[in-house]
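**Q** below is the sequence, then the predicted model.
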Amino acid sequence: MTIASHADPGDLNPGKGNICIRVCMEEFDGTHPAIKDHFVGEPIAPLVALARYALWGPYMPPLPEFVNFVPAINPYSQDMVPDAGATVTPDLISSRASGGRSETGQTAITCTGFTAEKIIDASPISPDYGVAYIAAYENFTVPGMPISPQCIPWTALFTIRIWHAPTAMLTYANGNQQTTAPFRNFAIPLSMITTDSAGSQRAVNGMQVFFDIVGNTDAIFDASGVTTRYCQIVEEGRRAIVISQEGVAISPPVKAGALTGSFEVIGTSRIAGNGVSYALTVA
C-alpha cells in the first residue's frame, strides 16, 4: 500500500476551506461508528462522516465537492497514536456528499470500497489484531498526511481492527435463570464481559455483539427499555445488536409474550470463538 504524502500541513493554512469532517457518532448501522472489526480480505463496513462549516456555529456550508478517505501508517505528525500494524486498500477513496443538510449544518458522507488487506504487526494493546487507520478530510481544508496538530479538529479518524481469527472471548456477567409473568419484562438485562484472548476488556471496546432469542417463545427485546448508546433490534424483535463498551455488553430488556415455558437467549460475536447462554422462563 502506498501511503499518501504531502507538504507539511504546519507550513500551510489549515481550515482554509472551512469544512470540518467528523465521525458521525449519531448513526448506528450495527457496527461502531468509529471502530470496525474485520478479518483479512473482508470489505470494510461503511464509514460515515459529517461535514460542517467551521468548527462551531450555526452557519450552513455549501456541500463539499468531495471528501478524501485516506489510509495512513501514522495519521498524525506528532506520533499521537501508535503506528498502524495493518493495511487496507485502496490508497484513496474520494466520496461526494449527497442529499440535504441537517438543522445543525452538517452533511453525512458515506464511504464504501475499502478492503482489509493484511496484518503487519500486532496492536500494542492486543495480540489478536493489527490496527489500520483511515483519515477523512476535505481537500481544501486539510492539505494531507500527516495531519498536523492544527488540522486534527478538522479531520475524522476511523480505526480498523483486522483480526487474525475470532479469538475474542465472551464471559457470562448477569441475567441468567430469570422468571417473569406473561407480557412482563424480565427484571435484569442480560450482560456479558468481552475480552481479547489475553483478557483485556479495553482491547475490545466497540466490538459488535449479538443477543438472539431462540426456542418456542413469542418473547422479544423491548426497544422502549434500551439504555445503551448503540443498540439495534431486528428480526421482529428476536435479535439485538449492541456494542461492547469498555468490555461490557448489555442487552435491551427481554419482554415476555403470551406463551409460557422456558426459552434461551444466546450471546455471540463474529469476532469471538464462544457464546454465552441465558435460560429464561415465562410462568
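**A** Everything's here; your move. Numbering: from 1, shown residues only.
**Q** measure stretch 135-154 end to end?
**A** Start-to-end span of stretch 135-154 (CA to CA, to the nearest Å) is 11 Å.
**Q** average pLDDT for that stretch?
**A** When pLDDT is averaged along stretch 135-154, the result is 86.
**Q** then stretch 41-59?
**A** 82.
**Q** quick one: strands adjacent to the strand ranked longest in the chain?
**A** Determined from DSSP state E, the single longest strand within the chain is strand 129-138. Applying DSSP bridges to the sheet, strand 129-138 is found paired with strand 67-72 (antiparallel), strand 156-163 (antiparallel).
**Q** what does the first one contact?
**A** In other words, strand 67-72. Strand 67-72 has contacts (CB atoms under 8 Å, 6 or more residues apart in numbering) with 1, 3-4, 21, 47, 49, 51, 84, 87-89, 91-97, 109, 111, 114, 132-139, 144-146. Glycine gets a C-beta too; all of them are placed from N, C-alpha and C.
**Q** give me the helices and strands touching the next helix-or-strand element following it, please.
**A** Next along the chain after strand 67-72, taking DSSP states H and E as the criterion, comes strand 86-89. Packed against strand 86-89 by the contact rule (3 or more CB pairs under 8 Å, 6 or more residues apart in numbering; DSSP states H and E) you find strand 67-72, strand 115-119, strand 129-138, strand 156-163.
**Q** could you list the paired strands of strand 86-89 along with their orientation?
**A** Strand pairing (DSSP bridges) places strand 86-89 next to strand 115-119 (antiparallel).
**Q** who touches the partner strand?
**A** 1, 38-44, 85-89, 129-130, 132, 160, 162, 164.
**Q** and the gap between Ile188 and Ser251?
**A** 10 Å (CB to CB, to the nearest Å).
**Q** understood, closing this out.
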